[in-house]
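Student: Sequence and predicted structure below; questions after.
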Amino acid sequence: MERDTLEPLTRATQAMAKHRTPSDVLQEIVEQAARCLPEFEHVSVSRIREDRHLETLAVTTDLARQFDRVQSEARGGPCVEAGKLDEVVLVNDARHEQRWPAYIRRALPLGLRSQLGIMLFSDSRGAICLNLHSTTTEQIDGGSVGVAEHFAVQAGAALGHVESADQLKTAIGTRTVIGTAIGLLMERHGIGKEAAFNYLLRDSSTSNRKIRLVAQELVQDKEDAVARERDDDR
């Protein structure tokens, strides 16, 4: 990842960590997401409940709130899917999107062109997801998806710090493995956190795989190596 991308992410992480209440952190998350990913003009954070309704927790624009409402009424869409699967859900060129027809049918007249949904973490009340909507960009490149994944790790951690202890018992999910992989790379190569994430992102881009899968492979390789060493010592 280029320095001009890393620096906004670093500033975003610092800004989110300064707040001490969930509402303040949530608002900071959407505002920093808009700064780090300017191709998405309308950002929201929403809680997806068991009945697939969305509760909007923070927005950058009124249109972001409208997209949330439409998705909630349709009970399906990128955010709902991200909350269910704990995966990045991407919509490129919404005019040709075949999934979630009830949502897309109503989102297109609002101007939706592309969207990205990504889970921050889940608790007893449902999954909390970041919604990134664009009304100008039809194709989202892999670099932006990588930035969004990294941002989600930091945002989930910032929000988790201000949540109650019982909510923190629920793990962030597969995003934890990204942090583990970054730690392995820092130790292996004697590099900093930003350089380690840059390494992951380059590998993800080169191999055309999600950064989560690259991280999982690194962690699994380490676990396999430790297991082999134990077997050799027996």
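Tutor: That came through, no problem.
Student: mind listing the strands for the protein?
Tutor: Remark: strands assigned in the chain by DSSP state E are 42-48, 54-59, 89-91, 114-123, 126-134.
Student: Remind me what the last one packs against, helices and strands.
Tutor: This points to strand 126-134. Using 3 or more CB pairs under 8 Å, 6 or more residues apart in numbering; DSSP states H and E, the elements in contact with strand 126-134 are helix 22-36, strand 42-48, helix 62-74, helix 78-85, strand 114-123, helix 142-161. Placement of C-beta: from N, CA and C, glycine included.
Student: can you check the shortest one too?
Tutor: In terms of contacts (3+ CB pairs under 8 Å, 6+ apart), strand 89-91 is packed against helix 78-85, strand 114-123.
Student: Mind naming the longest helix for this protein?
Tutor: Counting residues, the longest helix in the chain under DSSP state H turns out to be helix 211-233.
Student: Could you pull out the buried residues of it?
Tutor: The neighbour-count check on helix 211-233 (16 or more other CB atoms under 10 Å) flags 211, 212, 214, 215, 216, 218, 219 as buried.
Student: Going by distance to residue 104, which of those residues wins?
Tutor: Taking CB to CB as the measure, residue 104 lies nearest residue 212 of these, at 25.6 Å.
Student: what's around the residue lying closest to residue 199 once chain neighbours are set aside, how many residues?
Tutor: Using CB to CB, 6 or more residues apart in numbering and skipping residues adjacent in sequence, the residue nearest residue 199 is residue 185, 5.5 Å away. Counted with other CB atoms under 10 Å, residues neighbouring residue 185 total 22.
Student: Nearest to residue 104, out of the strands of the chain?
Tutor: Set against residue 104 and scored by CB to CB, those come closest in strand 89-91, at 8.2 Å.
Student: How about residues contacting that closest one?
Tutor: For strand 89-91, contacts defined as CB atoms under 8 Å, 6 or more residues apart in numbering pick out 78-79, 81-82, 97, 99, 112, 114-118, 140, 145.
Student: so can I have TSV of the helices and strands packed on strand 89-91 showing distance to residue 58?
Tutor: What follows is those, written out as TSV (distance: least, CB to CB, whole Å):
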stretch	distance to residue 58
helix 78-85	13
strand 114-123	11
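Student: Any regions of the chain where pLDDT drops low?
Tutor: Scanning the chain for pLDDT under 70 picks out 1-6, 19-20, 123-124, 161-176, 230-234.
Student: please redo it, this time with the cut-off set to 80
Tutor: Along the chain, segments meeting pLDDT under 80 span 1-15, 17-21, 86, 122-126, 159-177, 205, 208, 210, 212, 223-234.
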